[in-house]
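S.K.: kindly generate the corresponding structure for this input.
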Amino acid sequence: MAFELPALTYSHSALAERGMSQETLELHHDKHHQAYVTALNNFVEANGDLQGKSLEEIIAATYGDEARAGIFNQAGQHWNHIHFWNALAPNGGGIPGSLEAKLVEAFGSVDQFKDAFKAAAVGQFGSGWAWLIQKSDGSLGVTKTPNGVNPLATGEGTALLGLDVWEHSYYVDFRNRRPDYVTNFLDNLANYEFAESNLA
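M.R.: Residues are numbered from 1 along each chain as shown. From the prediction side, this is the model:
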């Protein structure tokens, strides 16, 4: 069964008033993400041992294997983007009480969480991702990963909320102002209900 590009749960224009334009979503979802899916399917077709495996199984089987880095990159980016579309919401920015309590426990305050997340997102050199994760002990933390790597691959924890900081995710709307893109995500676009639903 071939992997498929998931449909967005909101229209391409639904986030425009919150800082992510229709053009960005059309390019990012319809073109960039589709390219990862197409390439992944081609790799799976050419590698019999991967056929029938779930996306998570392919990520586990290829992470850290230099000979299969190309496969991992496509699988990782497919997984990351599936997460990312869910991490955005037309009415984003509001934090549910139970998640807020865990953020305060881990970071001291919501503002301090946002500062830590922004530092990770802005500090990721080149292409990559910033993540709010739940660690194995149940506490929350922030991490960053390069390129198509994610917490699923590294085993750092469960991804609660991920932000794409590849330039294609923000250049149309924010040009080279990654800090503004990150702030806008945290305040206006982040689907904290989705983050809360990922808590163990």
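
S.K.: per-residue confidence at the residue in the chain sticking out farthest from the centre?
M.R.: Here the chain reaches farthest from its C-alpha mean at residue 48, the gap being 28.2 Å by Cα atoms, centre = their mean. With respect to pLDDT, residue 48 has a value of 95.

S.K.: quick check: phi and psi at it.
M.R.: Backbone torsions for residue 48, taken as degrees, to the nearest 10, come to phi -60, psi -30.

S.K.: tell me which element residue 92 is part of?
M.R.: Secondary structure assignment for residue 92, by DSSP states H and E: no helix or strand.

S.K.: strands of the chain, start to end?
M.R.: All strands of the chain, identified by DSSP state E, fall at 128-134, 140-146, 158-164.

S.K.: what number of residues lie near residue 197?
M.R.: Per other Cβ atoms under 10 Å, the neighbour tally for residue 197 reads 12. Any C-beta I mention is one placed from the backbone N, CA and C, and that applies to glycine too.

S.K.: can I get the longest helix seen in the chain in CSV, CA atoms only?
M.R.: Across the chain, the longest stretch assigned as helix under DSSP state H is helix 69-86. Presented in CSV, the C-alpha positions along helix 69-86 are these (Å, rounded to 0.1, in the frame of the first residue of the first chain):
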residue,chain,number,x,y,z
ALA,A,69,20.0,8.1,4.6
GLY,A,70,18.0,9.0,1.5
ILE,A,71,15.1,6.7,2.6
PHE,A,72,15.2,8.0,6.1
ASN,A,73,15.1,11.6,5.0
GLN,A,74,11.9,11.1,3.0
ALA,A,75,10.2,8.9,5.7
GLY,A,76,11.2,11.3,8.4
GLN,A,77,9.9,14.3,6.5
HIS,A,78,6.6,12.6,5.7
TRP,A,79,6.1,11.8,9.4
ASN,A,80,7.2,15.3,10.5
HIS,A,81,4.8,17.0,8.1
ILE,A,82,1.8,14.8,9.0
HIS,A,83,2.5,16.0,12.6
PHE,A,84,3.0,19.6,11.5
TRP,A,85,-0.3,20.0,9.7
ASN,A,86,-2.0,18.8,12.9
